[in-house]
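> got a sequence here, can you build the structure:
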Amino acid sequence: MAGLYTYSTSSDTGIYLYMGYMLLYLTVIQTLAIFCAHLMPSKVGSTILNTLISLGLTAVGGYSIHPKNVSKIWSWSELISPEKWLLPVLVQDEYSAETLANSAGLQLCRNKQVQHQEIIVQQPCPPPNGTQVLVDFQLLPQDHKLDPTYTYDQTTTVALVLASIVVFFVTFFVFACNCRNMFCKKPKKAFRDRL
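Got it, this is the predicted structure:
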C-alpha cells in the first residue's frame, strides 16, 4: 500500500495521486484529533476520546478486521470511516492487471518445472489474479460504501475534502466556545468591611 508498485509506462501520476489521497486522509485524521483536543477539558480525556474514535474508525476500515467479520452493530460505522472510503481507491492501481504482470517477476514461483526427456524446463509463472483479492476484501467498485459506481474515486476525493471541512468548522465552533468562556469577564467580588 505504499504506491511503489503502481507501474505506469507513460507518467508518474500514480505516485502523485497516491500522495494526494494520503494527504487528504491525514488532514481528516489531524482535524479529528484537534477536534477531540478542544472538545474535552483535559489532556487525558481528549486522548482517550481520540483513541477510541480512531480505533473504531480504523477497525472497520478493512486492514485489521476483515469486512465480513464486522458485526452488524458496527457496520454503520463503515459509512463514516475515511479509511474505508479511501482503501478501494488506493488498491485499484495496486491490483491492476498491468501492475500484477510487472510485479510477477518479483514473486517466487515454485514447482513450475516441467521435465521433457531428461531436460528440466522452467515454466514462467502466470500473473496473479488481482480481482480475486479485491472480491475477497470487498474492494471492487460496486462494493464501495459511498458510491457504488465507477466514479467512486471522484466521490472519495470530494468526501474526504468535505469531511475535513466539516470537522474543521465543528472544531472551530468548539474552539470559539472554549475561548469565549475563557475570556469572559467574571464579576469581581466586592470586599466587605470586616466587623
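> drop to CA atoms for contacts and neighbour counts, all remaining ones
Will do.
> go ahead and confirm residue 70 touches residue 60.
Yes - under the contact definition of C-alpha atoms under 8 Å, residue 70 touches residue 60, with a separation of 6.7 Å.
> who has more neighbours, these two?
When neighbours are counted by other C-alpha atoms under 10 Å, residue 70 and residue 60 differ, and residue 60 comes out ahead with 26 against 17.
> list the contacts for that one?
The contact partners of residue 60, taken as C-alpha atoms under 8 Å, 6 or more residues apart in numbering, are 67, 70, 74-75, 77-78, 81, 84.
> look at it and report its pLDDT.
Looking at residue 60, its pLDDT is 87.
> what helix or strand is the residue sitting nearest the centre point of the chain located in?
Taking C-alpha atoms, centre = their mean, the centroid of the chain lies closest to residue 83, which sits 2.3 Å from it. Per DSSP states H and E, residue 83 falls inside helix 82-94.
> and the helices in the protein, which stretches?
Ranges of helices within the chain are 13-39, 43-59, 82-94, 97-103, 130-136, 152-183, based on DSSP state H.
> the inter-axis angle of the second one versus helix 13-39?
Going by axes from the mean of the first three to the mean of the last three C-alpha atoms, to 10 degrees, helix 43-59 is angled at 140 degrees with respect to helix 13-39.
> most surrounded residue in the contacts of residue 60?
Within the contacts of residue 60, residue 84 tops the neighbour count with 25 neighbours, counted by other C-alpha under 10 Å.
> thanks a lot, see you next time.
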